[in-house]
Structure formats: structure tokens, C-alpha cells
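Novice: sequence? don't have it. structure:
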């Protein structure tokens, strides 16, 4: 009698594709680029993409510029169970933070960086030398690059494709708006940040990112393109803010 058992589940089918925009391939490309930016230095940082009911996550403790698609973890979004878990790697400690962006904001991509500029702005805020001692938020206004940041990480209002002056999407901040990014306290273990990150997301409904004091940045978007654009825009603004501070210039006046 023929064996009636179903064929073994091929986990590699989840990550092997010729499509450069397949999440497993896309994460590898992004991390190579982010390595060159100094965002994922020394195995720190990471990227996660939600694709349908699957969540693709870069592994922990690997050199991000050398990752391969077969290094990826794949999780079922609804159950939270791993569909693919490479034996050679550990799951990312960032996973609960990525999932917070997906569940709380409906994000399609979340990026975590250890950018020096992100860390430095949290130190400046901590010092009380900006915002009259307010250490819980980074804020800046009247800088053109603010237009690259959406309200809440979405970037569109109705109608969805409405484009305003300068190519700015209807849901993005404007030049005269004040960009505010909440700052949460760091913890010894990354996964322990989830509660405070979720609280920041709830208390700051328009934020597209959360800074972690003396640590780095989490930023999200409705898809990879928006998350990447906002991460680049924020890093530009953080670097500019550090240079302004060195010159004695206020971020808000």
C-alpha cells in the first residue's frame, strides 16, 4: 500500500525566490546597505517585513552585511509561531518590538538601527540642553526633510494617492509642523523594551518611530519603501540636530 503521508514541509520554500523584492532577499539587501550607513554595525540592529500572514525577521547575532535568505526566520503572524527557525541562528531579540509595530500600527516593515546620530540626540535630550529639560521627546521644526515623515507611519489620507506641493503625500508632516519622536528608557535585554515601546506608540498616535535612550531607533512604515524613506529622513534630521546643537542652535526656535 502506498504511503499516504503528505510530503515533508519544505521550509526553504518560504525564503528561496528569484524575486529581489521577496522579503527574504529584500532584508538581505537592506541590511547590506544599512551596514554601509553604520546602522547595523557589529551585528546590532535589524529589519522585519510583514508579507501577508508571514513575518520575516533577520536573525540575532549575525553580521548583517553577510546575511543570506536562508538565514531568515519566518513567523506566522496570527499564531506567533515560527514556521522557519534556522538551527544555526538565534531569533532576534527585536522580534517583540517589530511585532508591536505590526499589531499596533498595521505596519508592513519595521527597521531597528544603532545609528550614532540617534544615540547622540537621546544623550543631548538627556542632558537637558534642549527643550528646557524635557528628556522624553526629540522635537525639531522648520527643516525641509520633515516632509519625508508621515503621521503615524502611514503617509496617506483619503484619497489615498493625493499628492501635495513638492510631491509630499497628504498624510505627511509639513514644513511648519513640529516633528516629535518619543524617547523610552533602555533595558538590559532588548525584548524587555516591548511594554514601553507599545506605551509610547499608544501615547503618541502620530509618531512614526521611537528612540531608545543610549541605544538606537525603531521606525516603521506601511511598506518597505516608506519605512526606509522615513529611516533615512530621520537619520538625516538626527545628524543635523547634533550639528545644530554643537553650533548652539535650538532645534525648535
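Specialist: Arrived safely. Values in this document were obtained by computation on a predicted structure and should not be read as measured data.
Novice: so residue 54 versus residue 100, what's the distance?
Specialist: 18 Å (Cβ to Cβ, to the nearest Å). The way it works is simple: take the backbone N, C-alpha and C, and place the C-beta from them, glycine included.
Novice: more crowded one of those two?
Specialist: Using other Cβ atoms under 10 Å as the criterion, residue 54 and residue 100 rank with residue 100 on top: 23 against 15.
Novice: now do the SS call for the closest residue to that one other than its chain neighbours.
Specialist: Of all residues not flanking residue 100 in the chain, residue 198 sits nearest, at 4.9 Å (Cβ to Cβ, 6 or more residues apart in numbering). The three-state label given to residue 198 by DSSP: H, G, I helix; E, B strand; the rest coil is helix.
Novice: how close does residue 198 get to residue 183?
Specialist: Taking Cβ to Cβ, one finds residue 198 at 15 Å from residue 183.
Novice: repeat for residue 226
Specialist: The value you get for residue 226 to residue 183, if Cβ to Cβ is used, is 22 Å.
Novice: remind me, longest helix of the chain?
Specialist: helix 224-246 (DSSP state H).
Novice: how about residues contacting it?
Specialist: Helix 224-246 has contacts (Cβ atoms under 8 Å, 6 or more residues apart in numbering) with 21, 26, 30, 37, 39, 49, 107-111, 113, 115, 117-118, 120-121, 124, 129-130, 138, 140, 143, 145-146, 148-150, 153, 155, 179, 181, 208-209, 217, 219-221, 250-251.
Novice: go again with 7 Å.
Specialist: By Cβ atoms under 7 Å, 6 or more residues apart in numbering, the list of residues contacting helix 224-246 from outside reads 26, 30, 49, 109-111, 113, 115, 117-118, 120-121, 124, 130, 140, 143, 145, 148-150, 155, 179, 208-209, 217, 219-221, 251.
Novice: per-residue confidence averaged over it?
Specialist: If you average the pLDDT over helix 224-246, you get 97.
Novice: where's that helix relative to the chain centroid, distance-wise?
Specialist: 12 Å (Cα atoms, centre = their mean, to the nearest Å).
Novice: buried ones in that helix?
Specialist: 224, 226-235, 237-242, 244-245 (16 or more other Cβ atoms under 10 Å).
Novice: what do you get for stretch 181-195?
Specialist: Those would be 181-184, 186, 190, 193-194, for stretch 181-195 by 16+ other Cβ under 10 Å.
Novice: nearest to residue 91 among those?
Specialist: Closest to residue 91 out of these is residue 190 (11.3 Å), distances taken as Cβ to Cβ.
Novice: wait, that closest one sits on residue 95?
Specialist: No - applying Cβ atoms under 7 Å, one finds residue 190 not in contact with residue 95, separated by 9.1 Å.
Novice: what does stretch 99-111 contact?
Specialist: The contact list for stretch 99-111 (Cβ under 7 Å, 6+ apart) reads 47-50, 55, 98, 152-153, 194, 197-198, 201, 218-224, 227, 231.
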